[in-house]
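Q: quick one, fold the following:
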Amino acid sequence: MAYSVIERGALNSIDYRVYIKDQNGPISPLHDIPLFADANKKIYNMVVEVPRWTNAKMEITMKETLNPIKQDVKKGKPRFVANCFPHHGYIWNYGALPQTWENPEHLDDGTGCKGDNDPIDVVEIGYRIAKRGEILQVKILGTLALIDEGETDWKLIAIDVNDPIADQLNDVTDIEKHFPGLLKASVEWFKIYKIPDGKPENQFAFNGDAKPAAFAQNIIDEVHKFWKLLVNKEVDAKGISCVNTTIEGSPFRITNGDATEIVNKTPPLAQPLPTDALVGKWHYVHLK
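A: Numbers count the residues shown, from 1 in each chain. Have a look, this model is predicted:
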């Protein structure tokens, strides 16, 4: 399946949106892109929200129709993640798996915390910098269990199947072998990235150790089941938009024409707005 993006509004503004479309028109990246690119080989689709080395906090928005990617807002302005020395922006391609939902009513046995009400997050560690809104086919290598402000926030670790060394990575033990220092840096990044905003250091379950691929795939199966409940109206969505164009039997399904009309009503693509120089500031964070 070929996907492309429709940009609307002005980059670096609160109006900026990235809609995803297939050959039939606009779709929801949360609901209409299949979880699996190849179920037999356990290859997953990943929606890229934040390309590596950038720090605009972009995410699939849960409450807007068709769930476009937009920039998080803080105090009425677009949010940028702090550059915590020696890291610059996000240190991997960052995004989410479609057709997943971390249920905020589900208490996870391993972490002791409930879900964060979002699709499950993915960090993709291949060599190529992806594009915002790009759909990658990835292999899951393992997962970190971030506890973010008291919520379970799984961070799956994956590699693009088209990466030149993808065949050599199959589990977390392969990451240190081929990418020495990356797991340690990833844990540090997630621990400290909110500290410049005045928030406490984030914590991890399992002592910050990455769990293996088989464990991660069980988590994916679980959050995929939660998503099915959501899109079939078997649980209260509590404001999450479940509008889709492809899910058979879903009470939220709309036509391709309706989806096009929704996008056309948003502000047209405009020139990017300038960003404050402080976006590039390096913060020197002391861990306790």
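
Q: number of nearby residues for N218?
A: Neighbour count for N218, taken as other C-beta atoms under 10 Å: 11. Backbone N, C-alpha and C define where each C-beta goes, glycine included.

Q: that one is in what secondary structure piece?
A: N218 belongs to helix 213-231 when assigned by DSSP states H and E.

Q: for that helix, which helices and strands make contact with it?
A: Judged by 3 or more C-beta pairs under 8 Å, 6 or more residues apart in numbering; DSSP states H and E, helix 213-231 is in contact with strand 135-148, strand 151-160.

Q: just name the most buried of these.
A: strand 151-160 (a mean of 24; mean count of other C-beta atoms under 10 Å).

Q: what's the angle from it to strand 135-148?
A: 150 degrees (axes from the mean of the first three to the mean of the last three C-alpha atoms, to 10 degrees).

Q: which helices and strands does the helix or strand just after strand 151-160 pack with?
A: Toward the C-terminus, strand 151-160 is succeeded by helix 172-178 as the next helix or strand (DSSP H and E). Helices and strands touching helix 172-178, by 3+ C-beta pairs under 8 Å, 6+ apart, are strand 135-148, helix 182-192, strand 211-212.

Q: distance between helix 172-178 and the chain's centre?
A: Remark: helix 172-178 is offset 22 Å from the chain centroid, using C-alpha atoms, centre = their mean, to the nearest Å.

Q: any idea of the mean pLDDT in it?
A: Across helix 172-178, the average pLDDT comes to 97.

Q: cool, stretch 185-196 as well?
A: On average, stretch 185-196 scores 96.

Q: only the buried residues of it, if you could.
A: For stretch 185-196, burial by neighbour count (16 or more other C-beta atoms under 10 Å) applies to 186-196.

Q: CA atoms only: put that stretch into CSV for me.
A: Output in CSV follows, covering the C-alpha atoms of stretch 185-196 (Å, rounded to 0.1, in the frame of the first residue of the first chain):
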residue,chain,number,x,y,z
ALA,A,185,21.7,6.7,25.5
SER,A,186,18.1,6.0,24.8
VAL,A,187,17.3,5.4,28.5
GLU,A,188,19.2,8.5,29.4
TRP,A,189,17.3,10.6,26.8
PHE,A,190,13.9,9.5,28.1
LYS,A,191,14.9,10.0,31.7
ILE,A,192,16.0,13.6,31.2
TYR,A,193,14.2,15.2,28.3
LYS,A,194,11.5,16.8,30.4
ILE,A,195,13.9,18.1,33.2
PRO,A,196,14.5,21.5,31.4
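
Q: what sits against E134?
A: Shown in contact with E134 (C-beta atoms under 8 Å, 6 or more residues apart in numbering): 3, 5, 48.

Q: now the stretch 1-150 of the chain, which segments are flagged as low pLDDT?
A: Residues of the stretch 1-150 of the chain meeting the criterion pLDDT under 70: none.

Q: show me where it has its strands.
A: 4-8, 17-22, 25-27, 36-38, 43-50, 58-60, 69-71, 73-74, 77-78, 83-84, 93-96, 121-124, 135-148 (DSSP state E, counting those that start in this stretch).
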